[in-house]
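1. Pasting the sequence and the predicted model now:
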Amino acid sequence: MLATLPLLQETDFPMLTRSTLDTLQVNLGYLCNQQCTHCHVNAGPHRKEVMTQETCEHVLSYLRATSSIKTLDLTGGAPELNPHFRDLVISARNLGIHVIDRCNLTILSEQADLAEFLAQHDVDIIASLPCYLEENVDRQRGKGTFEQSITGLRQLNALGYGTDLELNLVFNPQGPHLPGAQVALESDYKTFLKKNYGIVFNQLYTICNMPIQRFGSALITKGQFHPYMQLLREAHSNENLETVMCRTLISIDWQGYVYDCDFNQMLGLSLCLEKQSQHHISELVDVNLEGNPIIVAQHCYGCTAGQGSSCGGALA
C-alpha cells in the first residue's frame, strides 16, 4: 500500500504551518463501486474499510465544538456507500454546516433516490468526470462509466444542480502530466457537454494526479515515477504555498485518525501535535491547531506545481 512512501519522505519541500481551520474533510471509507487507474485512495468494490456510526458521532462532536469549521467535505471511496452517510449529512446540515459530497456520478444509478436526497438537503456536489470524451473516461474509469456519468449529470440537472444548486466537475490528466489551464478547460467542458448532452455545471476543478497508491504504483511499474516527480518539482511555484488546502483543512480517515490532508492520509503520515502523532478526532476537541506544523513530503509538489492543485481545483 505504501510502496511510494520511501521515495517521497526525503524532501526539500518548504515548511508549512496551519492557519485558521475552516474545512473538515472526512473519508467515510475506501469501499467504491469503481476502481479507477488514477485513484490515490486505491478504492474499489472489495475494500472493507468503512467508518462506523461511533466514529461519525465523534466527527459531529468535533463540528459542534469547532466554530471555525464551516464545511464538511465527504469523500471515499464512494462516500454514499457508507450506511451512515445520510444521517451524517442531515446532522451536519442541522448544525448549519455546508456539506460537500465528492460523487463519482455512477453511484447515482445504484441508489435511485440519492440525487433527490442530496438536492433536498442542499448538498454541494463535486463530481468526477476526468474528460468530456467517452473513450478517455472509459479508459481511466472502466467501460460504460461515461454513459452512466452522463445519465447521472442529467438527473442532477433536472433537480436544479448546475443552476440553483452547486455542481462542480473534476478533471484529472490521463497520465503523468500536469493539468491544462483550468479556465480554458472549463470553457471546453461547458461547450462540449452543453452542445452534445444538454448538460450544465458551475465550475471545473483541475486536480493533479498524486504519485501515491494506485497511480504511484503504476508510475513505478512503468519507470515513470522519477521523471514525474522531476516534472512536479520543476513546475513548483512558491506563490501557491499561501493557498494550499492543508493550511485550512484537516483530513479524517475511516477510523477517525487525523491527517494534514487526504494525500498524507493515504501515505500514513499522521498529523503531528506537540511532537506526538496518530491523534484521533475525539482527542482534538477544543484543541487549537492554528500555527501547527504540517507534515510535508515530495508529493506536496503535486499541489504547488504550475497553477497549483487542491481539492477545490487550481490555486492560481
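-> Alright, I've got the coordinates.

2. burial measure for Q148, as a count.
-> 21 (other Cβ atoms under 10 Å). Every residue, glycine included, has its C-beta placed from N, CA and C.

3. Please apply the same query to S67.
-> Neighbours of S67 under the rule other Cβ under 10 Å: 7.

4. how close does it get to P6?
-> As judged by Cβ to Cβ, to the nearest Å, S67 and P6 stand 40 Å apart.

5. What of P79?
-> Applying Cβ to Cβ to P79 and P6 gives a distance of 30 Å.

6. For the two, indicate the residue with more neighbours.
-> A direct count of neighbours by other Cβ under 10 Å for P79 and P6 places P79 higher, at 25 against 8.

7. Compute the distance between that one and Q111, please.
-> Distance of P79 to Q111, given as Cβ to Cβ: 12 Å.

8. Equivalent analysis for A316, please.
-> If you measure A316 against Q111 using Cβ to Cβ, the figure is 37 Å.

9. out of those two, which sits in the busier spot?
-> The neighbour comparison of A316 against Q111 (other Cβ under 10 Å) goes to Q111, with 16 against 13.

10. And the pLDDT at the more buried one?
-> According to the prediction, Q111 has pLDDT 93.

11. What of H40?
-> On the pLDDT scale, H40 gets 64.

12. please begin residue numbering at 24 from this point
-> Sure, I'll start numbering at 24, so the last one becomes H63.

13. residue with max distance from the center of the protein?
-> Centroid-distance maximum for the chain: K218 at 28.3 Å, with Cα atoms, centre = their mean.

14. That residue: what secondary structure?
-> State at K218, reduced to three classes by DSSP: H, G, I helix; E, B strand; the rest coil: helix.

15. roughly how far apart are it and C284?
-> 37 Å.

16. Ok, I273 next?
-> Applying Cβ to Cβ, the value for I273 to C284 is 8 Å.

17. where do the contact lists of these two overlap?
-> Shared contacts of I273 and C284 (Cβ atoms under 8 Å, 6 or more residues apart in numbering): Q48.

18. Give me the contact list for the helix or strand of the chain with the lowest mean pLDDT.
-> In the chain, no helix or strand scores lower on mean pLDDT, DSSP states H and E than helix 28-31, which sits at a mean of 74. Among residues not part of helix 28-31, those counted as contacts by Cβ under 8 Å, 6+ apart are 234-235, 243, 248, 252, 290-291, 320-322.

19. Mind checking which of those are in helices?
-> 243, 248, 252, 290 (DSSP state H).

20. Using CSV, lay out the residues you listed together with pLDDT, distance to L264 and neighbour count.
-> Shown next, in CSV, are these (pLDDT from 0 to 100; distance: Cβ to Cβ, whole Å; neighbours: other Cβ atoms under 10 Å):
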residue, pLDDT, distance to L264, neighbour count
I243, 90, 28, 14
F248, 92, 24, 20
M252, 94, 18, 21
L290, 90, 20, 23
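
21. and of those, the nearest to D96?
-> When the ones in helices among the contacts of helix 28-31 are compared for distance to D96 (Cβ to Cβ), L290 comes out closest, at 19.0 Å.

22. Distance of Q299 relative to D309?
-> 17 Å.

23. Comparing the two, which residue is more hemmed in?
-> Neighbour count, other Cβ under 10 Å: between Q299 and D309, Q299 has more, with 10 against 7.

24. Please name the bridge partners of that one.
-> Q299 has these beta-bridge partners by DSSP bridges: L296.

25. That one and P196: what is the separation?
-> 37 Å.

26. With Y280 instead?
-> Applying Cβ to Cβ to Y280 and P196 gives a distance of 30 Å.

27. Repeat that for F224.
-> 19 Å.

28. all strands of the stretch 74-223 of the chain, in order?
-> 94-98, 121-126, 147-151, 190-194 (DSSP state E, counting those that start in this stretch).

29. Take those strands and lay them out in TSV including distance to R109 and mean neighbour count.
-> Listed next are the strands of the stretch 74-223 of the chain as TSV, based on distance: least, Cβ to Cβ, whole Å; neighbours: other Cβ atoms under 10 Å:
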stretch	distance to R109	mean neighbour count
strand 94-98	11	22
strand 121-126	11	22
strand 147-151	15	22
strand 190-194	19	23
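
30. TSV for the ones you listed, including mean pLDDT and distance to M38?
-> TSV is the format used below for these (pLDDT from 0 to 100; distance: least, Cβ to Cβ, whole Å):
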stretch	mean pLDDT	distance to M38
strand 94-98	97	25
strand 121-126	97	29
strand 147-151	95	29
strand 190-194	95	29
